[in-house]
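J.: Sharing a model that was predicted from the sequence below.
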Amino acid sequence: MDKIASLMDRLAPQVGSNPTALPGTVIYREVRPKDRQPFLYSQGIVLIGQGSKRVYLGNAVYDYDPETYLVVSVPLPAECEIHASEDKPLLALMVDIDMGMLNRMMTHMDAHIDPSLLERREKHRGIYVAAVTALIKDVVLRLLSALQSPVESNVLGKGLLYELLFRIMCGENAAVLYA
């Protein structure tokens, strides 16, 4: 188990959603595979530490695992399947997107946004999968480490969420969030 999965494992002792000391963040654990079933995705970012998921939205299929992350910019009814086992449970960090934080960030980034990114935003469906970069992995490690302590969560948590959102906003598929 790598470092991210290990930190998630400590934060998620129970199957299902495990709240953390930082509002808007949950660690999800599942120990059994689940076949395709209806699921309502809320607005947020999902980063997987172990296992994988597949989302079906109409004819589109979105696979994500520890090397990729999922962003949902608006609540979406979809179908989902989970790949997990007792030996290798699905472990996922789910982060709500704080619209106030997103709007403040976009104000600071306006002068630096690639105009072609804004042109592409009409083509997106409100959901995308992208590769986890080294910078994203770094901030996720620091966030998960901070979540191990209520004091660190309280003092550092919001700043780390801001940095995570910034790293995602710098990605090639961030038009979904700009929309």
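T.: Structure's in. What do you need?
J.: So in the chain, where's the weakest helix or strand by average pLDDT?
T.: When the helices and strands of the chain are compared on mean pLDDT, DSSP states H and E, helix 115-120 comes out lowest with a mean of 55.
J.: Give me the next element, helix or strand, following that helix.
T.: Using DSSP states H and E, the helix or strand that follows helix 115-120 towards the C-terminus is strand 127-131.
J.: Give me the contacts around the helix or strand following that following strand.
T.: Sequence-wise, the next helix or strand downstream of strand 127-131 (DSSP H and E) is helix 134-146. Contacts with helix 134-146, where a contact means Cβ atoms under 8 Å, 6 or more residues apart in numbering, come from 3-4, 7-8, 11, 22, 25, 47, 69, 93, 132, 152-153, 156-157, 160-161, 163-164, 167-168. For glycine as for every other residue, the C-beta is placed from the backbone atoms N, C-alpha and C.
J.: Of these, which qualify as buried by neighbour count?
T.: Buried members of the contacts of helix 134-146, scored by 16 or more other Cβ atoms under 10 Å, are 4, 7-8, 11, 22, 25, 47, 69, 93, 132, 152-153, 156-157, 160-161, 163-164, 167-168.
J.: so of those residues, which ones are in helices?
T.: 4, 7-8, 11, 152-153, 156-157, 160-161, 163-164, 167-168 (DSSP state H).
J.: Tell me which two in these are the farthest apart.
T.: Farthest apart among those by Cβ to Cβ are 152 and 168. That separation is 21.8 Å.
J.: Could you list the low-pLDDT ranges of this structure?
T.: Counting by pLDDT under 70, the ranges of the chain that qualify are 1, 108, 110-124, 174-175, 178-179.
J.: so residue 29 makes contact with residue 18?
T.: Yes. With contact defined as Cβ atoms under 8 Å, residue 29 reaches residue 18; the gap is 6.5 Å.
J.: overlap in contacts of these two?
T.: Shared contacts of residue 29 and residue 18, defined by Cβ under 8 Å, 6+ apart, comprise residue 12.
J.: Mind checking which of these two has more residues around it?
T.: Using other Cβ atoms under 10 Å as the criterion, residue 29 and residue 18 rank with residue 29 on top: 22 against 16.
J.: burial of residue 17, as a residue count?
T.: 12.
J.: Pretty sure it sits against residue 25.
T.: No. Here residue 17 does not reach residue 25: they are 10.6 Å apart, not a contact under Cβ under 8 Å.
J.: Many thanks, have a good one.
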